[in-house]
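**Student:** just a sequence and a predicted model for now, questions to come.
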Amino acid sequence: MLAKTFGSAVYGIEAITITIEVNVCGGLKYFVVGLPDNAVKESMLRIESALNSSIYRMPRKRIIVNLAPADIRKEGSAYDLPIAIGILYASGQFFSTKLGEYLILGELSLDGGIQPVKGVLPIAIQGKRDGFKGLILPKENAREAAIVDDFEVYGVNSLAEVIGFFDNSLELQRTIVNTKEEFSYNINNYESDFSDVRGQENIKRALEIAAAGGHNVILIGPPGAGKTMLAKRLPTILPPLDLYEALDTTKIHSVAGKLSASDSLMTIRPFRSPHHTISDVALVGGGTNPQPGEISLAHNGVLFLDELPEFKRTVLEVMRQPLEERRVTISRAKSTVNYPASFMLVASMNPCPCGYFNHPEKECICAPGVVQKYLSKISGPLLDRIDLHVEVTPVNFNELSSERLSEKSKEIRERVTEARNIQIRRFEDKEEVFCNAQMSPNMVRNICRISDAGQTLLKQAMEKLGLSARAYDRILKVSRTIADLAGAEEILLEHLAEAIHYRSLDRDGWAG
């Protein structure tokens, strides 16, 4: 007898519906065809044990399982449950008229329990597009899938519950999540706040500019100056995620298996802080079975690289293209996978190996030339993609002990959001350009026009400070953002002067 059930395969952050055909006929042995990987082939042993533990039986006949379309590689353990249901139906152990109405996925335990799987959200979205009525899946994944409106989602704990649902002997509780309500409730649910930081008002101002224009930023300062503390609070002043961004971000974390059972929708911007020993593949994504890397997990959020010069040169260089294109393309001989990677890069570093170069109180003990050698670990092309270079100085005792309340993240975020709204209106006819940092050189020339006095100031600054040519466009972009924060139509002299201040690493002689 032939049975058909339906599962799904995830490629990149999109899903493809897979038809699982099961034929139980005369003969012996099991056969799984349709480009299964080892995890799928091993499923037959898990299924046999699960059936025996759930008062069902594995047919002592030839069982042929075909995963269609047969030219797409099938990976992972999510096919256990639909294959098991297909075997039971094909061997006449239960009957159902609604088997073809639902997608089924889940990994089987030997005792018939069902374990969680990855990539549930894109599967649910594609299932609804393909006209399925709903989705049967592990209970731990149910809330994640239930954010798809008008789509039935049933979380189950065991194989017996699934059989009971299909033969109408058991009524399952549908999982329902009010997406808009949950999104609105958790949108400002940050554990940290900018008001926690004492002093450092000039650094907060720089991060506000970075957030308003989507600019990449590097913080340079001695140990203990507060670089990490400031960077961790940057997501709290970024504009709130809209529902589309939240779904896009949740899909990536779903595919990577980073969502817990209590999560249904990511409502705050991600903050990723990988260790400096990270490999190229872990940062950008890939592997034998391609998975999103840290830069994709930081999509619509912040990627923080602490102690930037300590990262391997090769790791930093692979970021150059994603920083420009805002996506990662992973190519293999038989397939190509794209992951989005639109993130803000925030890096921090000591100014030298000992950490005290240019320190107001402590003396640097590094030998001559060591500072320049240390900074040269960061390549020019990567530095070219960082708009703001901010020098962080230590906080003195009076500021640390002050009882004066600092400005809260909510207040800063309101200014940042207003500046972003100005940019959204400015770029509404431009595809894939949403903020000042994404402007092309031609757009910079047209949008960031400055007066003759501004041209003179910029020329003098570049000559006096020895700024490089790459600093020119960066200064114009940042000055445009400063003007947007001030609500100014034109870039004024004070906006240019402040933007010039944020080009520390481009100055001749900065590193001795």
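**Tutor:** Good, I have the coordinates. It should be emphasised that the depicted structure is a prediction, and the values quoted were computed from it without experimental measurement.
**Student:** now the residue nearest to residue 68 when sequence neighbours are not counted: how far from residue 7?
**Tutor:** Distances taken as CB to CB, 6 or more residues apart in numbering put residue 19 closest to residue 68, at 4.5 Å, once the chain neighbours are dropped. Bear in mind the C-beta positions are built from the backbone N, C-alpha and C, glycine included. For residue 19, the distance to residue 7 (CB to CB, to the nearest Å) stands at 8 Å.
**Student:** the more surrounded of those two?
**Tutor:** For residue 19 versus residue 7, the count of surrounding residues by other CB atoms under 10 Å is larger for residue 7: 26 against 16.
**Student:** now do stretch 105-120, average pLDDT.
**Tutor:** For stretch 105-120, mean pLDDT is 95.
**Student:** ramachandran angles for the residue lying farthest from the centre of the chain?
**Tutor:** In the chain, the residue that sits farthest from the middle, by CA atoms, centre = their mean, is residue 26; the gap is 49.8 Å. Here is the backbone geometry of residue 26 (degrees, to the nearest 10): phi -70, psi 140.
**Student:** what about the residue nearest to residue 68, helix or strand, and which?
**Tutor:** The secondary structure element spanning residue 19 is strand 14-25 (assigned by DSSP states H and E).
**Student:** what's that strand packed up against?
**Tutor:** Contact partners of strand 14-25 among helices and strands, from 3 or more CB pairs under 8 Å, 6 or more residues apart in numbering; DSSP states H and E: strand 2-11, strand 62-68, helix 80-90, helix 120-129.
**Student:** which stretch among those is buried most, on average?
**Tutor:** Neighbour counts (mean count of other CB atoms under 10 Å) averaged over each of these peak at helix 80-90, with a mean of 27.
**Student:** give the other helices and strands that it contacts.
**Tutor:** Using 3+ CB pairs under 8 Å, 6+ apart: helix 80-90 touches strand 2-11, strand 14-25, helix 43-53, strand 62-68, strand 102-104, strand 107-108, helix 159-166.
**Student:** now the ones you listed as JSON lines including distance to residue 419?
**Tutor:** As requested, the helices and strands packed on helix 80-90 are arranged in JSON lines below (distance: least, CB to CB, whole Å):
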{"stretch": "strand 2-11", "distance to residue 419": "37"}
{"stretch": "strand 14-25", "distance to residue 419": "33"}
{"stretch": "helix 43-53", "distance to residue 419": "53"}
{"stretch": "strand 62-68", "distance to residue 419": "50"}
{"stretch": "strand 102-104", "distance to residue 419": "43"}
{"stretch": "strand 107-108", "distance to residue 419": "47"}
{"stretch": "helix 159-166", "distance to residue 419": "51"}
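**Student:** of all those, which lies closest to residue 472?
**Tutor:** Of all those, strand 14-25 sits nearest to residue 472, with 40.0 Å by CB to CB.
**Student:** for that closest one, give the mean pLDDT please.
**Tutor:** Mean pLDDT, taken over the full extent of strand 14-25, equals 95.
**Student:** in that strand, what counts as buried?
**Tutor:** Residues 14-15, 17-24 are the ones in strand 14-25 that count as buried (16 or more other CB atoms under 10 Å).
**Student:** next one: stretch 366-373
**Tutor:** Buried, per 16+ other CB under 10 Å, within stretch 366-373: 366, 370-371.
**Student:** next one: stretch 306-326
**Tutor:** 306, 308-309, 311, 315-316, 318-319, 322-323.
**Student:** so which two of the residues you listed are the farthest from each other?
**Tutor:** Within the buried residues of stretch 306-326, two members stand farthest from each other by CB to CB: 309 and 322, at 20.1 Å.
**Student:** so which bits of stretch 171-187 are buried?
**Tutor:** Neighbour-count burial for stretch 171-187 [16+ other CB under 10 Å]: 175, 177, 179, 182-183, 186.
**Student:** quick check: buried residues in stretch 99-119?
**Tutor:** Going by neighbour count (16+ other CB under 10 Å), the buried part of stretch 99-119 is 99, 102-109, 112-119.
**Student:** let me fix that: stretch 415-435
**Tutor:** Buried, per 16+ other CB under 10 Å, within stretch 415-435: 415-416, 419-420, 422-423, 426-427, 433-435.
**Student:** where does pLDDT dip in the chain?
**Tutor:** The chain contains residues with pLDDT under 70 at 185-189, 261-262, 397, 399-401, 469-470, 506-512.
**Student:** residue nearest the centroid of it?
**Tutor:** residue 297 (2.4 Å).
**Student:** who touches that one in this structure?
**Tutor:** Residues in contact with residue 297, defined by CB atoms under 8 Å, 6 or more residues apart in numbering, are 252-253, 256, 258, 270, 272.
**Student:** distance-wise, check it relative to residue 208.
**Tutor:** For residue 297, the distance to residue 208 - CB to CB - is 25 Å.
**Student:** now do residue 23
**Tutor:** 64 Å.
**Student:** would you list every one of the strands in the stretch 101-250 of the chain?
**Tutor:** With strands called from DSSP state E, counting those that start in this stretch, the stretch 101-250 of the chain shows them at 102-104, 107-108, 114-115, 134-138, 152-156, 217-220.
**Student:** save the ones you listed as TSV, and put in distance to residue 498 too.
**Tutor:** Output for those, formatted as TSV (distance: least, CB to CB, whole Å):
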stretch	distance to residue 498
strand 102-104	54
strand 107-108	55
strand 114-115	55
strand 134-138	52
strand 152-156	51
strand 217-220	14
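**Student:** where does residue 407 land in three-state SS?
**Tutor:** Put simply, residue 407 is coil when judged by DSSP: H, G, I helix; E, B strand; the rest coil.
**Student:** how deep is it tucked in, by neighbour count?
**Tutor:** 16.
**Student:** need the contact list for it.
**Tutor:** So residue 407 contacts 194-195, 204 (CB under 8 Å, 6+ apart).
**Student:** make it 7 Å
**Tutor:** 194-195 (CB atoms under 7 Å, 6 or more residues apart in numbering).
**Student:** then residue 136?
**Tutor:** Counted by CB under 7 Å, 6+ apart, residue 136 has contacts 102, 104, 154, 156, 162, 165.
**Student:** ok, so of the residues you listed, who is nearest residue 237?
**Tutor:** residue 154 (40.2 Å).
**Student:** was I right to think the closest one contacts residue 172?
**Tutor:** Yes. Using CB atoms under 7 Å, residue 154 makes contact with residue 172 at a distance of 4.4 Å.
**Student:** touching both of the two, which residues are there?
**Tutor:** residue 165.
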